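>>> Just a sequence and a predicted model for now, questions to come.
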Amino acid sequence: MRWSQLSTARRRDVAVEAFEVTHPFHPLYGRRFELLELHRGWEEERVFFVHQGGQTRSMPAVWTSLQARDPFVVSAGGRAFFRPADLLAMVALIEGLKR
């Protein structure tokens, strides 16, 4: 489905699928939404859903229950939300901003 064709109308030929926001720092963490569309964009898969007031929104699919959680995060058992590679990338970003 093309972006211009995205609709909030429920399709009758597809079972309703819901997802939960699993990113621990996202303001919608723990909330469940009905999936409108799962779409592969330029570099990532995104989920489209209807938010408050009927507004269609999207977020990366990796922030939801629709994709498997990272094995490191799972094995950390809540003690670490970030992979070491992510933390190193963040340090490099902060160092770059300091310059």
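Perfect, thanks for sending it.
>>> So residue 72 is in contact with residue 79, correct?
No. Here residue 72 lies out of contact with residue 79, judged by C-beta atoms under 8 Å, at a distance of 10.9 Å. Heads up, the C-betas are built off the backbone N, CA and C, glycines and all.
>>> Settle it for me: which of those two has more neighbours?
Shown here are residue 72 and residue 79; by other C-beta atoms under 10 Å, residue 72 has more neighbours (14 against 7).
>>> helix, strand or coil for that one?
Per DSSP: H, G, I helix; E, B strand; the rest coil, the local secondary structure of residue 72 is helix.
>>> which residues sit in contact with it?
Residues touching residue 72, when contacts are defined by C-beta atoms under 8 Å, 6 or more residues apart in numbering, comprise 80, 83-84.
>>> Compile these into CSV and extend it with columns for secondary structure.
Supplementary listing: these in CSV, determined by three-state DSSP:
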residue, secondary structure
80, coil
83, coil
84, helix
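>>> Spell out the residue ranges of the strands in this protein.
Assigned by DSSP state E, the strands in the chain fall at 18-20, 32-40, 45-50, 56-60.
>>> ok so, going back, which of the contacts of residue 72 sits closest to residue 37?
Ranked by distance to residue 37 (C-beta to C-beta), those are led by residue 83 at 28.1 Å.
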